[in-house]
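Q: build me a structure from this.
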Amino acid sequence: MLLHTILESFQPLNSARILFAAFLAILFLQSGLDKVVDWKGNLSWLKSHFANSPLSGIVPLLLGIVTITEVAAGVFSLIGVGFLLFTDNTAWAAHGAQLSALSLVMLFFGQRLAKDYEGAASLVPYFILAVLGIIAQSSLLG
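A: Numbering: from 1, shown residues only. The predicted model follows:
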């Protein structure tokens, strides 16, 4: 039974699902946990980054929201990897990909308001990956 489960993981769609979830887990756990561990450093940098934007007065609140969303995206994706390895359940990985895409939309919005167009553009490949992850986890694919 375990061997069958492991071999199923190597099917193209299953491996794509696992790899999407693993990538998003690594990306968002690292990013979110960095914000937790170095809250003061991140807050200081973001306050200066958004000093001339409409978000300048609410940077700490927004940092908290983004941090929670990123950590949740990473945790859901990581749990999703486990479920994908041992079951056909894609729900955790799908929710992780959805939270990942939401996090990236929030970051993109902030970068655009701060007029950091290069920073905003650098988020686009990650967003595309997150959306592809949502599609890959969809039950419509089988």
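Q: longest single helix anywhere in the protein?
A: Secondary structure of the chain read by DSSP state H shows that its longest helix is helix 59-86.
Q: now do that helix: distance to the chain's middle.
A: Distance, stretch centre to chain centre, for helix 59-86: 6 Å (CA atoms, centre = their mean, to the nearest Å).
Q: stretch 13-27: how far from the chain's middle?
A: The answer for stretch 13-27 is 11 Å, by CA atoms, centre = their mean.
Q: now the helices for this protein?
A: Going by DSSP H, the chain shows helices at 2-8, 12-37, 39-49, 59-86, 91-113, 117-137.
Q: distance of the residue nearest to residue 60 when sequence neighbours are not counted relative to residue 128?
A: The shortest distance from residue 60 to any non-neighbouring residue, by CB to CB, 6 or more residues apart in numbering, is to residue 43 (6.1 Å). Glycine gets a C-beta too; all of them are placed from N, C-alpha and C. When distance is defined by CB to CB, to the nearest Å, residue 43 is 29 Å away from residue 128.
Q: looking at these two, which one has more neighbours?
A: residue 43 (15 against 12; other CB atoms under 10 Å).
Q: dump the residue contacts of the more buried one.
A: 59, 60, 63 (CB atoms under 8 Å, 6 or more residues apart in numbering).
Q: among the residues you listed, which one lies nearest to residue 24?
A: Residue 24 lies nearest to residue 63 out of these, by CB to CB, at 20.4 Å.
Q: turn the contacts of residue 43 into a markdown table, columns for distance to residue 18 and neighbour count.
A: Below are those laid out as a markdown table (distance: CB to CB, whole Å; neighbours: other CB atoms under 10 Å):
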| residue | distance to residue 18 | neighbour count |
| --- | --- | --- |
| 59 | 36 | 21 |
| 60 | 36 | 12 |
| 63 | 31 | 18 |
